[in-house]
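> what follows is a predicted protein model with its sequence.
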Amino acid sequence: MKSLQSTTRLHNGVEMPWLGLGVFKVEEGEEVISSVKAAIEAGYKSIDTAAIYGNEEGVGKAIAESGVPREELFITTKLWNSEQGYESTLAAFEESLKKLQLDYVDLYLIHWPVPKKDKYKETWKAFEKLYKDGKVRAIGVSNFKEHHLEDLIADSEIKPMVNQVEYHPRLSQGSLHDYCKKHGIQLEAWSPLMQGGLLDDQVLKEIADKHGKSTAQVILRWDLQNEVVTIPKSTKPHRIKENADVFDFELSSEEMEKINGLNQDKRVGPDPDDMDRE
């Protein structure tokens, strides 16, 4: 991965950028429009949103106004928990598409497994239909643990191409990462910077000083060297650029091991087994 345009090839052959912009908690309207435009101007090709974020319309507007051809961009959105089920998924997808003002999305994800509802298999059947109908170029899941993936794959025609999960040096999910690699599922990180909670870590600071980089850049580089797609969120143009400036240095195997050693299996978000919020 040599640049912001570098991609990983998903198991269906679709190329997905290694680095993108996440827009979780970015306000609909001017804030999200200017953030997405700043990212596209800085060379980002991948934008990750979700129905529950309430900012798909702003993302769509920014894409339309960016002047960049649609086929050069990689747009991800996600299905919210309350819309799981076959027909409701198809309807929710059309609503997202309309808000984004797009003819297709590049990646569509089930946002949470919500095991108590037990609808993710039925939902996945709708995802398979959307994929076969050419409405989405790739389908995947978010926040699925190994047992959710095993359960889903056992009854599916098509394996998920991506699993987007909470992933950072305090939660490196080694066993899940190995499982995904074995099954050709690309792991993707949300909250890669642990919502800012890692920026003052001493180990990371020392490594960052050695490379003349920020701790955020070191964490993002660690993601990439672990072959994990990552989508840091920012609304500030200078930070959006800084987050992308991670392709001109490399962490040594010793530095990678030091960062791996920070794992505490510590989440900032909900445990997927307990998450049943509508």
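Done, it's in. Numbers count the residues shown, from 1 in each chain.
> how about residue 51, phi and psi?
For residue 51, the backbone dihedrals are phi -60, psi -40 (criterion: degrees, to the nearest 10).
> backbone dihedrals for the residue lying closest to it once chain neighbours are set aside, please?
The shortest distance from residue 51 to any residue other than its chain neighbours is 4.7 Å, reached at residue 80 (CB to CB, 6 or more residues apart in numbering). Placement of C-beta: from N, CA and C, glycine included. Main-chain dihedrals, residue 80, degrees, to the nearest 10: phi -80, psi 160.
> and the pLDDT at residue 80?
Residue 80 is assigned 97 on the pLDDT scale.
> cool, and the one 10 residues further on?
In the predicted model, residue 90 carries a pLDDT score of 98.
> again with residue 277
With respect to pLDDT, residue 277 has a value of 80.
> for residue 195, same thing?
With respect to pLDDT, residue 195 scores 87.
> cool, residue 268 as well?
Model confidence at residue 268, given as pLDDT, is 94.
> mind listing the helices for the stretch 1-150 of the chain?
Per DSSP state H, counting those that start in this stretch, the stretch 1-150 of the chain carries helices over the ranges 30-41, 56-66, 86-100, 120-132, 146-154.
> also the stretch 151-278 of the chain?
Using DSSP H, counting those that start in this stretch, helices in the stretch 151-278 of the chain cover 174-182, 202-211, 215-225, 237-244, 253-260.
> most tightly packed of these?
For the helices of the stretch 151-278 of the chain, the largest average neighbour count (mean count of other CB atoms under 10 Å) is found in helix 215-225, namely a mean of 23.
> show me how far stretch 79-94 is from its chain's centre.
From the chain centre to the centre of stretch 79-94 is a distance of 19 Å (CA atoms, centre = their mean, to the nearest Å).
> which residues are in contact with it?
Here stretch 79-94 makes contact (CB atoms under 8 Å, 6 or more residues apart in numbering) with 50-52, 96, 108-112, 114, 117, 119-120, 122-123, 125-127, 129-130, 135-136, 275-278.
> just stretch 27-45 next, same as before
Stretch 27-45 has contacts (CB under 8 Å, 6+ apart) with 3-5, 17, 19-21, 23, 26, 47, 54-55, 57-59, 61-63, 65-66, 68, 72-74, 234-235, 237, 240-241, 244.
> whichever of those end up buried, select them in PyMOL.
This is how PyMOL selects the buried members of those, with burial counted by 16 or more other CB atoms under 10 Å:
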select buried, resi 4+5+17+19+20+21+23+26+47+55+57+58+59+61+62+63+66+73+74+234+235+240+241+244
